[in-house]
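**Student:** Here is my input, please return the structure:
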Amino acid sequence: MEPMDIVGKAKEDASLPKEFINLVSSESNEVCNKEEKKTIAPEHVLKALEVLGFGEYIQDVCAAYEQHKQEVTDGVRGSGKWNNVAEMTEEEAVAEQQRMFAEARARMQGGATNQKQPDSDP
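**Tutor:** Sure thing, here's the model as predicted:
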């Protein structure tokens, strides 16, 4: 499928983003294989965009990739599940882990779970 074929279908087909991702992924994989690499790297995606005729996106993709690298380096992870992990002491983390293991064990055995109760200590 040619790049302009995809663009022409934009108004007709709601699956356009999926097709675009599949197209870029497939071409990135081909670029990766030609270089005899086993893992697709950002450079392979950039080359795929160029080969497919989407060169106008390369600058934006590079900027997004640089921002991602900076966020990872700075430890900024957004509002994910693990953001408050550093606020726990090691003892609290171990206790939480043991509680979660017990809940999982109970679920696996078909038993009732003991939901986390608020601490009664002042």
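**Student:** any chance you could map the helices in this protein?
**Tutor:** 3-9, 16-34, 42-51, 58-74, 90-108 (DSSP state H).
**Student:** Among those helices, show the one with the smallest mean pLDDT.
**Tutor:** Ranked by mean pLDDT, those bottom out at helix 3-9, with a mean of 59.
**Student:** winner for burial among the helices of the chain?
**Tutor:** The highest mean neighbour count among the helices of the chain, using mean count of other Cβ atoms under 10 Å, belongs to helix 42-51: a mean of 18. To be clear about C-beta, it is placed using only N, CA and C from the backbone, and glycine gets the same treatment.
**Student:** what residues does it touch?
**Tutor:** By Cβ atoms under 8 Å, 6 or more residues apart in numbering, the residues outside helix 42-51 that reach it are 24, 27-32, 35, 37, 55, 57-58, 61-62, 65.
**Student:** Please tell me how far residue 87 sits from residue 101.
**Tutor:** Look at residue 87 and residue 101: by Cβ to Cβ, to the nearest Å, they are 21 Å apart.
**Student:** do residue 40 as well
**Tutor:** Applying Cβ to Cβ, the value for residue 40 to residue 101 is 36 Å.
**Student:** again with residue 89
**Tutor:** Taking Cβ to Cβ, one finds residue 89 at 18 Å from residue 101.
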